[in-house]
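Enquirer: Fold the following and give me the result.
(one chain, ligands or ions: 3)
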Amino acid sequence: MENREMEQRLRQEARNLLEQGTVDCILGYEAGSLKFSTTPMITSNKDDTDRLVISPFIVNNLSASLTGMDGKIGIVAKGCDSRSIASLVQDNKVNRENIIILGVPCPGLIDVRKIELLLGRDRDELEDIAREGDKVTVTVGGKKSDLPTAKVLFDNCLACELPTPQEYDVILGESPPPVTDPEGSRAGIERLEAMSGEERWDFWRSEFSRCVRCYACRNVCPACFCQRCFVEETEPQWVPSAARWQDNLIFQVIRTIHVAGRCTDCGNCDRACPAHIPLRNLSKKMYDIVSELFDYRAGIDSGPVPLLTPYEASEAKD
Ligand code: SF4
Ligand code: SF4
Ligand code: SF4
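Expert: Ligands and ions are numbered 1, 2, ... in the order given. So this is what the prediction gives:
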């Protein structure tokens, strides 16, 4: 089903939910102020539902907002977002009965930065981006260029394990044929794995020297839901607040460990970083470790309790 048809269906479903009083508000996406972008939209006004959009640019994982919201909420969710919701329900952070999931079967999101790099053009110069299956056609100055879809999707989408939500109340279309490239998706991690310890240390020193400690990575992450984050504790102060690279690195290492077993590889943290630090090299590595050690993928294999909560004395100590 085309985005346009899904969008029409979404607008109608959202309007019905508000009109019937089934939900207090709708959490979805509307067009952003930049070209080829969207921004989260929250509304309790049924007439606003005409502004809801579905496009290859609905990048935010909206479930990150659920823990701070009251009432009944209708939320637009792609496959990875629905996994985060399932994980939040498992953690008792969200009551499933208060959520109506409007599920979007997702063919992958387009990374406009990759297009800018491939074509050597700025976002503002791009006139149109149109996807048809495994081809994306970009128009610049009236001239069309075809790019393979696998070259312009976000890295996490290239390894997507659940494009269509398995947890939903309304599904807005049919499952799209996947375009995946698991090796391409892990290329950055494999480059790091091939380095010596010293080279890897230098790499992260250089990357985290750019961190400005804005906490965008934490704030957009649905798995980062502590009421008081360790990084803001003052007694004891685990991490000084000044943005020194060593402390920036410690912050991110601890954050990565804290979300182990909850991270769904949604890519939200990586996209949010204004310094373009490749955070997915940490989060996806941890995701793979959890998957390998425990045969567990958050929001897909979720049982009644979170992965790392129960402990048996008989468990291996290593
Ligand atoms: S990870 Fe999957 S569900 Fe999430 S945005 Fe990418 S393709 Fe869509
Ligand atoms: S989003 Fe980037 S710059 Fe901001 S705290 Fe996280 S790593 Fe640092
Ligand atoms: S750590 Fe990053 S990729 Fe993992 S759930 Fe949080 S925002 Fe998504």
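Enquirer: going forward, measure contacts between C-alpha atoms and count neighbours the same way
Expert: Fine.
Enquirer: Quick check: what element follows the helix ranked longest in the chain along the chain?
Expert: Longest among the helix segments of the chain by residue count, using DSSP state H, is helix 3-19. Scanning the chain past helix 3-19 towards its C-terminal end, the next helix or strand to appear is strand 25-31 (assignment: DSSP states H and E).
Enquirer: I'd like to check what contacts that next one. Which residues are they?
Expert: By Cα atoms under 8 Å, 6 or more residues apart in numbering, the list of residues contacting strand 25-31 from outside reads 14, 18, 37-45, 51-54, 58, 62, 72-76.
Enquirer: Can you name the residues of this protein that neighbour ligand 3?
Expert: The chain comes close to ligand 3 at residues 220-223, 263-269, 283, as judged by Cα under 6 Å from any ligand atom.
Enquirer: Return the residues in contact with L17.
Expert: With contact set as Cα under 8 Å, 6+ apart, L17 has these partners: 23, 74.
Enquirer: ok so, going back, the longest helix of the chain: how far from the chain's middle?
Expert: Per Cα atoms, centre = their mean, to the nearest Å, the displacement of helix 3-19 from the mean C-alpha position of its chain is 23 Å.
Enquirer: same deal with stretch 34-52?
Expert: Counting by Cα atoms, centre = their mean, stretch 34-52 is centred 19 Å from the centre of its parent chain.
Enquirer: Pull out the buried positions in it.
Expert: Neighbour counts over stretch 34-52 (16 or more other Cα atoms under 10 Å) mark 36-44, 46, 48-49, 52 as buried.
Enquirer: mean confidence score for that stretch?
Expert: Computed over stretch 34-52, the mean pLDDT rounds to 98.
Enquirer: likewise stretch 261-281?
Expert: Along stretch 261-281, the predicted local confidence has a mean pLDDT of 97.
Enquirer: just stretch 291-298 next, same as before
Expert: Computed over stretch 291-298, the average pLDDT equals 93.
Enquirer: Flag every buried residue along it.
Expert: Taking 16+ other Cα under 10 Å as the neighbour-count basis, stretch 291-298 is seen to contain the buried residues 296-298.
Enquirer: Lovely, talk soon.
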